[in-house]
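S.K.: Build the 3D model from these lines:
(one chain, ligands or ions: 1)
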Amino acid sequence: MSEVENLIIIGSGPAGWTAAIYAARAELNPLVFIGVPKTSPAIVLPGGQLMLTTEVENYPGFPEGITGPDMMANFQKQAERFGARKRGEDIVSCDFSEKPFKLVTNKGETILAKAVIIATGATANWLGLENEMRLARSGGGVSACAVCDGALPAFRDQPLAVVGGGDSALEEASYLTKFASKVYIIHRRDEFRASKAMQQRIFNASNAEPVWNKTVVDVLGDEVITGVLLKDTVTGEESTLEVKGLFVAIGHTPTTEFLDGTGVEFDDAKYIELNTRSSKTNIEGVFAAGDVADSIYRQAISAAGMGCIAALDAEHYLSSLSK
Ligand code: NAP
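M.R.: Next up, the predicted model:
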């Protein structure tokens, strides 16, 4: 068993690293569990979802934009400059029933901590179709990350499809228009949920085409995808759309499974429930920041802001312990 750590931060996206910057500068000696890379079924990387983003154009302070991976490398460098430590492991379970808290790593080690900031983010959802998962795992042209896979030779100058109507779907579609001969955006309604600016970008692209009122009911193809079977949400009619790639962008699920049984309170979608205007969970000494506790805004800048709040709350809590 380890010595008691002052502050453990779980997660290494904008929330986790910002919390680490603030905590390290406050001399709390934080230890960041950055996670283990995973590629199946969803792609999860240390650094979080920005690792799967090309250009970030809306983070203040970068007038020319910056790539997601570059931004996360900078966040990490800044936290490490002030002494934040990192470990490339996952926390797989937690015991918050007594203090110090006990956190178990994927290697089976138990870490003791006075305070914990959960900043584990959220991962991409899938449609849940058998052939979708089979072709995603085999690299047969189904993906939940256009930015990771869209530039592959198999997709170049081919008709592709994106499923979803939010900002992620339109961002993925916009990215794919650079490579594909055609990008269909399959949406279950006749109106996108994405921001107007994102919609405009798609409507301006000559090779992007919305496919309204359709759900994907099957993915066709043995070794590689040859098309999708669609069902009209109004008429119930089925049709086939021939595509050489399918990119699923239908939202995210918060990474909170490892908190099951800890008593931490969630909302209906299993995002962590926070005290209004703070990062405090219902358990004293356990804080949360970023997408894991935010089903609404989910931006890099809002996650970073929440990371700052969590570090300040943790600092306040830790200093109250020593009084
Ligand atoms: P989202 O806004 O929740 O959108 C999910 C989309 O997928 C919706 O259009 C939804 O349809 C559709 N969908 C959900 N389940 C489905 C299913 N089983 N079958 C078919 N379609 C399904 O998720 P998101 O696009 O990932 O965005 C999440 C948050 O991140 C948002 O707040 C967004 O603004 C933000 N974001 C921002 C940027 C940016 O600013 N650059 C980029 C990406 C994401 P309905 O519309 O019918 O519900």
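S.K.: just how off-centre is stretch 290-307 within its chain?
M.R.: Put simply, stretch 290-307 sits 10 Å off its chain's centre (Cα atoms, centre = their mean, to the nearest Å).
S.K.: Give me the pLDDT value at residue 52.
M.R.: As predicted, residue 52 sits at a pLDDT of 72.
S.K.: now do residue 318
M.R.: With respect to pLDDT, residue 318 scores 98.
S.K.: so it, which of the three states?
M.R.: Assigned by DSSP: H, G, I helix; E, B strand; the rest coil, the conformation of residue 318 is helix.
S.K.: That one and the ligand: what is the separation?
M.R.: Plainly put, residue 318 is 32 Å away from the ligand if you go by Cβ to the nearest ligand atom, to the nearest Å. (C-beta placed from N, C-alpha, C; glycine too.)
S.K.: roughly how far apart are that residue and residue 285?
M.R.: Per Cβ to Cβ, to the nearest Å, residue 318 is found 9 Å from residue 285.
S.K.: Between the two, tell me which one has more neighbours.
M.R.: Taking other Cβ atoms under 10 Å, residue 318 and residue 285 do not tie; residue 285 has more neighbours (21 against 17).
S.K.: Return the distance of the more buried one relative to the ligand.
M.R.: From residue 285 to the ligand the distance is 29 Å (Cβ to the nearest ligand atom).
S.K.: What of residue 323?
M.R.: From residue 323 to the ligand the distance is 40 Å (Cβ to the nearest ligand atom).
S.K.: With residue 283 instead?
M.R.: As for residue 283, its distance to the ligand is 27 Å (criterion: Cβ to the nearest ligand atom).
S.K.: Spit out the contact partners of that residue.
M.R.: By Cβ atoms under 8 Å, 6 or more residues apart in numbering, residue 283 lies in contact with 96, 262-264.
S.K.: Filter the residues you listed down to just the buried residues.
M.R.: 96, 262, 264 (16 or more other Cβ atoms under 10 Å).
S.K.: Can you lay out the residues you listed as TSV showing distance to the ligand and pLDDT?
M.R.: As requested, those are exported to TSV (distance: Cβ to the nearest ligand atom, whole Å; pLDDT from 0 to 100):
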residue	distance to the ligand	pLDDT
96	28	98
262	26	97
264	22	97
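S.K.: follow-up on the earlier one: need the residues touching each of residue 318 and residue 285.
M.R.: Common contacts of residue 318 and residue 285 (Cβ under 8 Å, 6+ apart): 114-115.
S.K.: Dump the buried ones among the contacts of residue 283 to TSV, plus secondary structure.
M.R.: Converted to TSV, the buried ones among the contacts of residue 283 look like this (three-state DSSP):
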residue	secondary structure
96	coil
262	coil
264	coil
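S.K.: what's the closest of these to residue 157?
M.R.: residue 264 (48.3 Å; Cβ to Cβ).
S.K.: residue contacts, residue 102?
M.R.: Per Cβ under 8 Å, 6+ apart, neighbours of residue 102: 94-95, 110-112.
S.K.: Can you flag the buried ones in these?
M.R.: Buried members of those, scored by 16+ other Cβ under 10 Å, are 94, 111.
S.K.: Export the contacts of residue 102 as a markdown table, with columns for pLDDT and distance to residue 27.
M.R.: Below are those laid out as a markdown table (pLDDT from 0 to 100; distance: Cβ to Cβ, whole Å):
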| residue | pLDDT | distance to residue 27 |
| --- | --- | --- |
| 94 | 98 | 25 |
| 95 | 98 | 27 |
| 110 | 97 | 25 |
| 111 | 98 | 20 |
| 112 | 98 | 19 |
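S.K.: quick one: which of the contacts of residue 102 is nearest the ligand?
M.R.: Using Cβ to the nearest ligand atom, the shortest approach to the ligand within the contacts of residue 102 belongs to residue 94, at 26.3 Å.
S.K.: surely the closest one meets residue 256?
M.R.: No: Residue 94 is beyond contact range of residue 256, at 10.7 Å (criterion: Cβ atoms under 8 Å).
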